[in-house]
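In: need a 3D model of the following:
(2 chains)
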Amino acid sequence: MTASAQTTSAQPKPTRVYYFGTCVIDLFYPGAGLAGMELLRRHGIKVVFPPDQSCCGQPARNSGFFDEARAVALRQMQAFPGTDPIVVPSGSCAGMMKTHYPQLFEGRPEHAQAIAFSRRVHELTAFLVNVLEVTLEDKGQPVSVTWHGSCHSMREMGVVDEPKALLRQLSNVTLVENPREKECCGFGGTFAVRQPEVSAAMVKDKIEALESTQTAKVVSGDCGCLMNITGAMEKAGSKMSGQHIAEFLLERTHD
Amino acid sequence: MTELPKGDFTLRAPAALNDPTLRANFRRAMDGLMTKRAAQFTDKEAWTALRERGAAAKARVVARLPELLEQLEANCTANGIQVHWAETTAQANDIVLTILQRHNVRTVIKGKSMVSEEMELNHHLQAHGIQAVESDLGEYIIQLAGEAPSHIVMPCIHKNKAEIAALFEENIEGLGYTEDVDALTAAARAEMRKAFAAADAGISGVNFAVAETGTLVLVENEGNGRLSTTLPPVHIAVMGIEKLAEKLKDLPSLLSLLPRSATGQHITTYVNMITHPRRDGELDGPHEVHLLLLDSGRSRVHADPELRDTLRCIRCGACMNHCPVYSRVGGHTYKFVYPGPIGKILSPQLEGLDCAGDQPHASTLCNACVEVCPVKIPIADILVRLRSEASHPSDSPAVKGAGSRANWRESWGWKGWATVYSIPWLYALAGFMATRFGNLMPASLGPLKAWTSVRAKPRFAAKTLHELAKEKGYCDE
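Out: Model prediction:
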């Protein structure tokens, strides 16, 4: 146990949280999902992963299939009853639940429920920094990494500095910011397959920017971006790798 | 999962993407514009406050559009400005032509106007023997090249110095090839002076028409706007019906937001405020001022409570400057008059989803445009709404061409998706199958083919997070 609570917290820290794993993590990056839960659990918090959860509904919503998005969103709202915070290891899925659930249900009986639900949603790194105020003790070898913030994390959740603050807490980790941090990596969900050429050009530029940091690894809080970026890195024979921040933090601070 | 409709944008993009000169021109220009804009808004609190005022001013215009238009007409008329209404671009062209023919106009000098691009006014006038000369330097350049604007504020941003030098060498007698910017500008200036002197009428756009006073506000940097609107005896201003400001006191915030967002300038070199034609005893100014108000689909946009936010736009172009798609493919790839994020929401509404239904899909929904829009247009939400309209036929469609991109494979694909993701045991089964057998899927299958063109195939984990969470005791209440 390396994370410890500070005593300066303005509001009482929750003792129990829900965890929404996201569908991409569920199928492709379960290690990142578990790492996020472990980061919370070792902080003395009861973490509950409701088994009835699936996807936030963003793929359908962004494609313009609102009825289908609502059906799936409603199931998530039912799977997370009560008032406990819902922690999400993805700024994009968190953004969907926080900003678009209330929109999706506007003028419907579930609107109030959607608003109440949205207020409980937290992106993982923001929760660790702002609510739990964690301090991390680095136990890893010296390494340089760069950070990729997802568009929705930055622009829908307003989470820009928190993940970098966590990385900077690690004494042996040098964070080298990339010159195009605010630019989209070209994933965009179905965009990557609807506009394959534009998406390919965007991810190519993104990799160039990441490689210009001359670091070994890109750390990110969103597995959609990671799947795009590391997939393109692998195909292009890049020496860089990528990792979800939860997994990276856990590895660095684990005994 | 679904059939991917191959729209024009998707087909056009590769040509632009594979043009290294074009890519470099846009990248350099957009990077510069983003840096300049950012330098204008370093104080976040001041930016937020100013943006709130600008957005509120334009929201009030949208909310009260019909009555403000009537007020504008009454005040302009009282000021001596003749007001004309056009429902379509064809009507607008006819109105302009009639005015010009009445004055036996043979050459027109034009200030920059995107509405005139919508109308394809120059072509229409040329077909009737009237020559229109563009006097904005960027517009002048693309007129020489026979091209359309690739950006709403900087129409020739797709060209570099060498390309312009070659164009001028070919078109301006006696100039020769030079990349000296001062020499190029001076040559264009000399040509334009001739055109200003010869013009029988001037045509301009309008940045803001103030309903309260009947004032036409025009911002510019080259002085060509002022010359076009004061030198010739007749001035015709053309504008979309949404380009209003309610009151004069709304202008300070709007005039501050517009140039800072557009070009990173604190203020433009010229701010023209036109309230009436030349009065008796005055020594200059046109004898006649006409204001043409073009609808061309805007009333329909206004009828929808969500989509009408599109009409707040002040045409600063910040959305395209910050768009990662626009900066890679440039303005011409979109095919429509208005490119970039604002074009992606405006073109389908003005032209119909049947011919512009591809536009809303040319976006990653990264929200970079939303972040910088000075009047807070929810561009990403409107993009998604238009995707929905395009995929769903309706008996009373909010947008022309609704349902034109509907296809049963996509519809049933999403229905199936919603079913699987709403029924926990079915989702668990799908997850089990995917993690056990998903990696056997060939990379050439459906969407995977596009994905793997530049990326490795995604690898399913051995077990789902659902399974692992249960094993580790996280599912216990």
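
In: only C-alpha atoms for contact and neighbour calcs from this point on.
Out: Will do.

In: nearest residue to the middle of chain A?
Out: Central residue of chain A (C-alpha atoms, centre = their mean): A:Ser90, 2.1 Å from the mean position.

In: how far away is that residue from A:Ser220?
Out: From A:Ser90 across to A:Ser220, the span is 9 Å (C-alpha to C-alpha, to the nearest Å).

In: who are the neighbours in contact with B:Asp31?
Out: Residues near B:Asp31 by C-alpha atoms under 8 Å, 6 or more residues apart in numbering or on different chains: B:Asn321.

In: can you give me the pLDDT of it?
Out: Here the pLDDT value assigned to B:Asp31 is 98.

In: what's the helix or strand for it?
Out: Assessed by DSSP states H and E, B:Asp31 sits inside helix B:20-40.

In: quick one: mean pLDDT for the next helix or strand after that helix?
Out: Toward the C-terminal end, the helix or strand that comes next after helix B:20-40 (DSSP H and E) is helix B:44-63. Confidence for helix B:44-63, expressed as mean pLDDT, is 98.

In: buried ones in helix B:44-63, by neighbour count?
Out: In terms of neighbour count (16 or more other C-alpha atoms under 10 Å in any protein chain shown), helix B:44-63 has its buried residues at B:50-51, B:53-62.

In: rebuild these as TSV, extending it with distance to B:Ser444.
Out: Below are the buried residues of helix B:44-63 laid out as TSV (distance: C-alpha to C-alpha, whole Å):
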residue	distance to B:Ser444
B:Leu50	51
B:Arg51	48
B:Arg53	52
B:Gly54	50
B:Ala55	47
B:Ala56	50
B:Ala57	52
B:Lys58	49
B:Ala59	49
B:Arg60	52
B:Val61	52
B:Val62	49
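
In: now, which of those residues sits nearest B:Ala362?
Out: Of all the buried residues of helix B:44-63, B:Ala362 sits closest to B:Ala55, with 25.5 Å by C-alpha to C-alpha.

In: how much space is there between the closest one and chain A?
Out: Distance of B:Ala55 to chain A, given as C-alpha to the nearest C-alpha, to the nearest Å: 19 Å.

In: likewise for B:Lys58?
Out: Per C-alpha to the nearest C-alpha, B:Lys58 is found 22 Å from chain A.

In: how close does that residue get to B:Ile203?
Out: Distance from B:Lys58 to B:Ile203, by C-alpha to C-alpha: 25 Å.

In: ditto for B:Ile267
Out: Look at B:Ile267 and B:Ile203: by C-alpha to C-alpha, they are 23 Å apart.

In: check A:Thr83 too.
Out: To B:Ile203, A:Thr83 is 62 Å away according to C-alpha to C-alpha.

In: more crowded one of those two?
Out: A count of neighbours by other C-alpha atoms under 10 Å in any protein chain shown puts B:Ile203 above the other of A:Thr83 and B:Ile203, at 27 against 12.

In: ok, now which ones touch the most centrally placed residue in chain B?
Out: In chain B, the centroid-proximal residue (C-alpha atoms, centre = their mean) is B:Tyr338; its distance is 3.7 Å. Going by C-alpha under 8 Å, 6+ apart, B:Tyr338 touches B:151-152, B:331, B:344, B:346-347.

In: so it belongs to a helix, correct?
Out: No - according to DSSP: H, G, I helix; E, B strand; the rest coil, B:Tyr338 belongs to no helix; its state is coil.

In: look at the residue nearest to the centre of chain A and report its pLDDT.
Out: A:Ser90 is given a pLDDT of 98.

In: hmm, A:Thr125 and it touching each other?
Out: No - A:Ser90 sits out of contact with A:Thr125 when judged by C-alpha atoms under 8 Å, with a separation of 9.0 Å.

In: mutual contacts of those two, please.
Out: A:Gly221.

In: phi and psi next, for B:Asp295.
Out: Note on B:Asp295: its backbone torsions stand at phi -90, psi -70 [degrees, to the nearest 10].

In: that one against B:Ala90, yeah?
Out: No - at 11.2 Å, B:Asp295 does not count as touching B:Ala90 under the criterion of C-alpha under 8 Å.

In: neighbour count for those two, which is higher?
Out: Shown here are B:Asp295 and B:Ala90; by other C-alpha under 10 Å, B:Asp295 has more neighbours (20 against 14).

In: distance of the more buried one from B:Ala86?
Out: The gap separating B:Asp295 from B:Ala86 is 6 Å, by C-alpha to C-alpha.

In: residue 156: neighbour count?
Out: With no chain named, the answer covers chain A. A:Glu156 has 20 nearby residues by other C-alpha under 10 Å.

In: can you look at chain B instead?
Out: By other C-alpha under 10 Å, 23 other residues sit near B:Cys156.

In: that one falls within a helix, correct?
Out: No - secondary structure of B:Cys156 (three-state DSSP): coil, not part of a helix.

In: contacting residues around it?
Out: B:Cys156 makes contacts with B:138-139, B:141-142, B:149-150, as judged by C-alpha under 8 Å, 6+ apart.

In: helix/strand/coil for A:Asp52?
Out: Following three-state DSSP, A:Asp52 is assigned to coil.

In: just checking, it touches B:Pro424?
Out: Yes - using C-alpha under 8 Å, A:Asp52 is in contact with B:Pro424, at 5.2 Å.

In: tell me which of the two has more neighbours.
Out: A:Asp52 (19 against 16).

In: and the more buried one, how far is that from chain B?
Out: Look at A:Asp52 and chain B: by C-alpha to the nearest C-alpha, they are 5 Å apart.

In: list the contacts for that residue?
Out: A:75-76, A:79, B:424.

In: what pLDDT does the model give B:Leu4?
Out: Looking at B:Leu4, its pLDDT reads 43.

In: repeat that for B:Ile141.
Out: 97.

In: can you list the buried residues in the helix or strand hosting it?
Out: Following DSSP H and E, the helix or strand that holds B:Ile141 is helix B:137-145. By 16+ other C-alpha under 10 Å, the buried positions in helix B:137-145 come out as B:137-144.

In: also stretch A:123-133?
Out: Neighbour-count burial for stretch A:123-133, counted by 16+ other C-alpha under 10 Å, picks out A:123-129, A:131-133.

In: if we only consider those residues, which is nearest to chain B?
Out: For those, the minimum distance to chain B (C-alpha to the nearest C-alpha) is 16.3 Å, reached by A:Leu124.

In: hmm, that closest one is touching A:Ser92, no?
Out: No - between A:Leu124 and A:Ser92 there is no contact under C-alpha under 8 Å: 11.4 Å.

In: nearest residue to the residue nearest to the centre of chain A in space, please, no chain neighbours.
Out: Closest residue to A:Ser90 apart from its sequence neighbours, by C-alpha to C-alpha, 6 or more residues apart in numbering or on different chains: A:Asp222 at 4.8 Å.

In: thanks a lot, catch you later.
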